[in-house]
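Enquirer: fold the following and give me the result.
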Amino acid sequence: MDLAPLPGALSLTALGTRDWRHWGGAGADSFHRKASGTGEIQDPGGERLEHNAGACDLRWTDGTPTARQDGTRAGVFQRGAGKSFTLGVAGSGDLRTVRLFVGTFSAGARLDLSLSSGGDPAVREVALAAGDRFYQYVIRFRAAPGERLLIRWHALTVTGGQNDGVALQAITVS
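Expert: Residues are numbered from 1 along each chain as shown. Below you'll find the predicted structure:
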């Protein structure tokens with residue numbers, strides 16, 4: 001997994017040739033996805049709050065329920081240490097590239113990646129720091145059909161403010 005810089009704007013349509021998903025924009029339970037996507041992104045849901053603090057404008061031209069978005073900084077977040085987001089991406093035997101767009105609000109966090117078939121997880125931590133920070137992780141993986149890449153983004157510590165925690169904006173698969 002690599003940490004990539006965030007540009008001022010990016011296209012989920014261009015990055016998610018197979019599938020993509022964006023959270024927020026029409027309430028904490030809302031999400032948008034690629035209209036003709038493969039459906040390989042799995043999200044079990046959970047408690048969420050909406051934010052509009054993202055560091056880059058996310059765009060798309062092939063979405064549902066909103067077909068076109070010319071720039072949103074919306075996403076979802078969870079308050080408090082120990083809170084997390086979990087996602088899965090189905091395998092097909094082919095090499096896949098996943099881009100994960102996440103953030104922290106005055107929190108230290110950890111990204112855990114593993115395959116549903118087992119093996120050692122890959123882990124990346126970001127140190128506790130005040131303020132809003134956003135990240136783009138580029139993950140390359142290969143998993144057999146029926147297996148999944150398991151993704152967990154969770155808050156390790158928070159500085160103590162009311163909205164401190166972890167944020168989730170989007171994921172793409174190509």
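
Enquirer: low-confidence ranges in this structure?
Expert: Of all residues in the chain, none has pLDDT under 70.

Enquirer: at which residues are the helices of it located?
Expert: Along the chain, the stretches classed as helices by DSSP state H are 12-15.

Enquirer: can you tell me how far the nearest residue to Gly108 once chain neighbours are set aside is from Thr157?
Expert: Spatially, and ignoring its direct neighbours in sequence, Gly108 is nearest to Leu128 (3.4 Å; CB to CB, 6 or more residues apart in numbering). (C-beta placed from N, C-alpha, C; glycine too.) As judged by CB to CB, to the nearest Å, Leu128 and Thr157 stand 5 Å apart.

Enquirer: ok, now Gly91?
Expert: 33 Å.

Enquirer: give me the more crowded residue out of those two.
Expert: Just comparing Gly91 and Thr157: by other CB atoms under 10 Å the higher neighbour count belongs to Gly91, 20 against 14.

Enquirer: that one: what's it in contact with?
Expert: Leu115, Phe141, Arg142, Ala143, Ala144, Pro145, Gly146, Glu147, Arg148, Leu149 (CB atoms under 8 Å, 6 or more residues apart in numbering).

Enquirer: if we can go back for a sec, which residues do Leu128 and Thr157 both contact?
Expert: Ala107, Gly108.

Enquirer: if we can go back for a sec, tell me the one of the contacts of Gly91 nearest Asp43?
Expert: Arg148 (12.1 Å; CB to CB).

Enquirer: would you agree that closest one is in contact with Leu87?
Expert: No: if you go by CB atoms under 8 Å, Arg148 and Leu87 don't touch, sitting 9.4 Å apart.

Enquirer: tell me, what's touching these two both at once?
Expert: Gln42.

Enquirer: so who does Leu12 touch?
Expert: Trp20, His22, Lys34, Leu58, Arg59, Trp60, Gly63, Ala170, Thr172.

Enquirer: thinking the second one is in contact with Arg99, fair?
Expert: Same thing as His22. No: here His22 does not reach Arg99: they are 11.9 Å apart, not a contact under CB under 8 Å.

Enquirer: His22: neighbouring residues, count only.
Expert: With other CB under 10 Å as criterion, His22 counts 28.

Enquirer: no wait, Phe134
Expert: 18.

Enquirer: ditto for the one 4 residues further on
Expert: Val138: 14 surrounding residues under other CB under 10 Å.

Enquirer: do the same with Gln78
Expert: Gln78: 22 neighbours (other CB under 10 Å).

Enquirer: so what's the nearest residue to Gln169 once chain neighbours are set aside bridging to?
Expert: Counting by CB to CB, 6+ apart, Gly75 is the residue found nearest to Gln169 once chain neighbours are left out, at 3.6 Å. According to DSSP bridges, the partner residues bridging Gly75 are His51.

Enquirer: great, nothing more from me.
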